[in-house]
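1. Prediction below, plus the sequence it came from.
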Amino acid sequence: MRESPALLRGCAAVLAWATVTAVAATGSWLGLSSVFAPDTTFTPTDTVLATDLPSQTTSSSSSPSPSESSRPDHDGAVNPPQFPPNPQDDPSPPPPSEPDQPINGWVPIGDGVYEQTFDTSGGTTVIQLSAEEAVFVSASPAEGYTASRASQSTAELVVTFVSEDETVRITATWQDGAPQGVVSSTD
C-alpha cells in the first residue's frame, strides 16, 4: 500500500515541530540553570553579601539563618537578620559604659552593635558584632582567593579566605564585655 504525500507531509511537520520545541526547551533550561545555579566561588571583583556566601553552621540550633530572616521590605531594602535570644547561652557582661567610643578597632553603629572592616592579604570582610550575635555583612576576596564563613554559635563568626598558598581566618566574638576580632594566617 502506498502512503499518500499528504500524510508524509503531516508527519514531517509534526516531527519538525517536536524537534524545534525540544531544542527551544533545552536552550531555555540551560540558560536559566546557569543563572539560578549557586556559585560557591568568588572572584576578586565580587562583593559578597551575607545572603550570598555559603555558610557552615556546626551548631544544632534551630534559630533562623540570616538568609531566612533577611527579607526585603516594600522598597527593596534588606533588613538585617534578627535572631531570637538563645536561653542556653550564658549572658555576656554588659557593654562598656561609653558605647559611643570605638573598642579594639570596632566602631559603634548603635544599640550596642559594633562594626569592623578587616582588610587582609586574603581579602576584605565586614562584620557586625553585639553581645547577642555576630552578623556577616560582606566579603571581597583578593585575587586568587575564595571566601567562606562558618559559625559555632550566633555569637561567633569565622570568615576564611583560602588560596593555594595561604589561608587567612578572621574570628569575631564578644569577650569580656567587648567585641573581639582575631586575624590569623597560615601558609
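-> That came through fine.

2. hey, where'd the strands end up in this structure?
-> 48-49, 55-57, 107-110, 113-120, 123-129, 134-141, 146-153, 156-162, 167-175, 178-186 (DSSP state E).

3. can I see the domain layout of the protein?
-> Here the domain parsing of the chain from automatic domain parsing is 1-37, 48-186.

4. which stretch in those has the least confidence?
-> Lowest mean pLDDT within those: domain 48-186, a mean of 77.

5. Count the residues that sit near residue 128.
-> Counted by other C-beta atoms under 10 Å, the residues lying close to residue 128 total 20. From N, CA and C alone the C-beta is placed, and that goes for glycine too.

6. can you start the count at 26 instead of 1 from here on
-> That works, and once the first residue is 26, the last one we named lands at residue 153.

7. May I see the strands of the chain organised as JSON lines, with distance to residue 40 added?
-> Output for these, formatted as JSON lines (distance: least, C-beta to C-beta, whole Å):
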{"stretch": "strand 73-74", "distance to residue 40": "48"}
{"stretch": "strand 80-82", "distance to residue 40": "49"}
{"stretch": "strand 132-135", "distance to residue 40": "65"}
{"stretch": "strand 138-145", "distance to residue 40": "60"}
{"stretch": "strand 148-154", "distance to residue 40": "54"}
{"stretch": "strand 159-166", "distance to residue 40": "50"}
{"stretch": "strand 171-178", "distance to residue 40": "48"}
{"stretch": "strand 181-187", "distance to residue 40": "52"}
{"stretch": "strand 192-200", "distance to residue 40": "57"}
{"stretch": "strand 203-211", "distance to residue 40": "62"}
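
8. Looking at these, which is nearest to residue 53?
-> strand 73-74 (28.1 Å; C-beta to C-beta).
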